[in-house]
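In: structural data only, the sequence is not supplied:
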Ligand SMILES: [Zn+2]
């Protein structure tokens, strides 16, 4: 029997349910025999994060496009980390890039050990951090990069490291929360949810105190609420 797909990753600032946009706008391709779908919301949210509302000149618009390309490559590599590791363990995998990030879903194959699950989850942020470090080394070491080339690799470094680290915050359903869930085991799901709620609430408070923008506290607030609902539902069981 086919297992339901397990979403191993939701990127920071993800709002899970967005209205459908025309599927004609969807891009589909295959990479390492893994089907990849890129939904229209992915590009729209990347454009907003990259500052589409402030881009006026041709140069600013070109920099925005470079930022979007860096974001696309970074998130795709992150999901490939999950997907290739799951494939190695005999799973059927697919990658979907959607609003504010993406996920790698896997199903079928045999039952995974906790260590295998841990490896699948950790592989995403790990390879994304490596990509960021590689981009940084390239900027430092390679002489004669054009200003736009340098801009692209700096953005690739920044988004890769920042998004990977944010993703490792121990709040379900992000990678950090999934790692915590795997380490604590299924018997301690209640504790995992309690830690997720506490960490998310602390981040909301710190974000508001230090005024670091609204996206992170809104996202963490949503995650805290979703985890609270999950905790209430298992409390009745
Ligand atoms: Zn991930």
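Out: Received it, and whenever you're ready, just let me know what you need. None of these values were measured; they are calculated from a predicted model. Numbers count the residues shown, from 1 in each chain.
In: what helices or strands is the longest helix along the chain leaning on?
Out: When the chain is parsed with DSSP state H, its longest helix is helix 58-88. Counting contacts by 3 or more C-beta pairs under 8 Å, 6 or more residues apart in numbering; DSSP states H and E, helix 58-88 is packed against strand 34-38, helix 40-49, strand 92-98, strand 101-107, helix 114-141, helix 147-167. In this view, the C-beta of every residue, glycine as well, is placed from N, C-alpha and C.
In: among those, which is nearest residue 226?
Out: Of all the helices and strands packed on helix 58-88, strand 101-107 sits nearest to residue 226, with 15.2 Å by C-beta to C-beta.
In: strands paired with that closest one, and their directions?
Out: When pairs are called by DSSP bridges, strand 101-107 turns out to pair with strand 6-7 (antiparallel), strand 92-98 (antiparallel).
In: can you put the ones you listed in JSON lines and add mean neighbour count, distance to the ion and mean pLDDT?
Out: Output for these, formatted as JSON lines (neighbours: other C-beta atoms under 10 Å; distance: least, C-beta to the ion, whole Å; pLDDT from 0 to 100):
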{"stretch": "strand 6-7", "mean neighbour count": "16", "distance to the ion": "9", "mean pLDDT": "46"}
{"stretch": "strand 92-98", "mean neighbour count": "21", "distance to the ion": "11", "mean pLDDT": "91"}
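In: measure the residue located most distally from the centre of the chain to residue 157 for me?
Out: Relative to the centre of the chain, the most outlying C-alpha is that of residue 144, 32.5 Å out, by C-alpha atoms, centre = their mean. Distance, residue 144 to residue 157, by C-beta to C-beta, to the nearest Å: 18 Å.
In: what of residue 132?
Out: Distance, residue 132 to residue 157, using C-beta to C-beta: 5 Å.
In: ok, now residue 234?
Out: As judged by C-beta to C-beta, residue 234 and residue 157 stand 40 Å apart.
In: please say which of those two ends up with more neighbours.
Out: More crowded of residue 234 and residue 157, by other C-beta atoms under 10 Å: residue 157, with 22 against 10.
In: tell me the pLDDT of that one.
Out: pLDDT for residue 157: 96.
In: outline the domain layout of this protein.
Out: Domains of the chain are assigned by automatic domain parsing as 1-168, 170-237.
In: among those, which gets the worst mean confidence?
Out: Lowest mean pLDDT within the domains of the chain: domain 1-168, at a mean of 85.
In: separation between residue 69 and residue 123?
Out: Between residue 69 and residue 123 the distance is 23 Å, computed by C-beta to C-beta.
In: my error: substitute residue 57 in the last question.
Out: According to C-beta to C-beta, residue 57 and residue 123 sit 40 Å apart.
In: looking at those two, which is more packed in?
Out: Counted by other C-beta under 10 Å, residue 57 and residue 123 do not tie: residue 123 has more neighbours, with 22 against 8.
In: ok now do that one, which residues does it touch?
Out: Applying C-beta atoms under 8 Å, 6 or more residues apart in numbering to residue 123 gives the contacts 81-82, 84-85.
In: show me which positions of stretch 118-131 end up buried.
Out: Buried residues in stretch 118-131, counted by 16 or more other C-beta atoms under 10 Å: 118-129, 131.
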